[in-house]
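Colleague: here is a sequence together with a model predicted from it:
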Amino acid sequence: MEVKFDVKITSGDLYDYMLHHTYGSFSGLVGAVAGALMVVAYFMGARFLCLVGGIVILLYLPVSLFLKSKQQYLANPAFKNPLHYVMTEEGISVSQGEEVQMQAWDAMYKAVSTTKSLIVYTSPVNAAIFPKRDLGEQASAVIEMISTHMPPKKVKIRF
């Protein structure tokens, strides 16, 4: 079986990935909890500085990730044109122009979903982003390929 599709990555897709990646990590979660606790502390009688600090902490990460996604999108020429993916029994290949890269299924780190994308991590920090809008009717075939070729403990996809 073979599944082929093209994706066009936007800065919004990068932002969605960065939000999921960051808030899915321990440090991102700790930052969000710390900011929220500071806001709660203010309403329980702490100084105004607690409210300001909490709001700054809660807003810093999403705003900085938004700016970083815009910057990364503009700086990387690979995002200007669609990426062509082919999923086979061996793995996932991605091509753009004459360049082709292949990643074997057993080398995949994990697969997750967000509200906007399917994300297949090729390492703890690198991933292939498949925006759901680009998958269309291929979405179920893509999910089936991922689920069939990756161990269940590595797949956290909800569609």
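Modeller: Structure received.

Colleague: which residues of the chain fall in helices?
Modeller: For the chain, the helices defined by DSSP state H occupy 11-23, 26-43, 48-75, 132-135, 139-149.

Colleague: with respect to residue 102, which of these lies nearest?
Modeller: Relative to residue 102, the nearest member of the helices of the chain by Cβ to Cβ is helix 139-149, separated by 13.6 Å. C-beta here means a position set from N, CA and C on the backbone, and glycine is covered the same way.

Colleague: in that closest one, what counts as buried?
Modeller: Residues 139, 141, 142, 143, 145, 146, 149 are the ones in helix 139-149 that count as buried (16 or more other Cβ atoms under 10 Å).

Colleague: and which of those is nearest residue 24?
Modeller: Residue 24 has its nearest neighbour among these in residue 146, at 17.7 Å by Cβ to Cβ.

Colleague: for residue 119, find the nearest of the helices of the chain.
Modeller: That would be, of the helices of the chain and by Cβ to Cβ, helix 11-23, which comes in at 6.0 Å.
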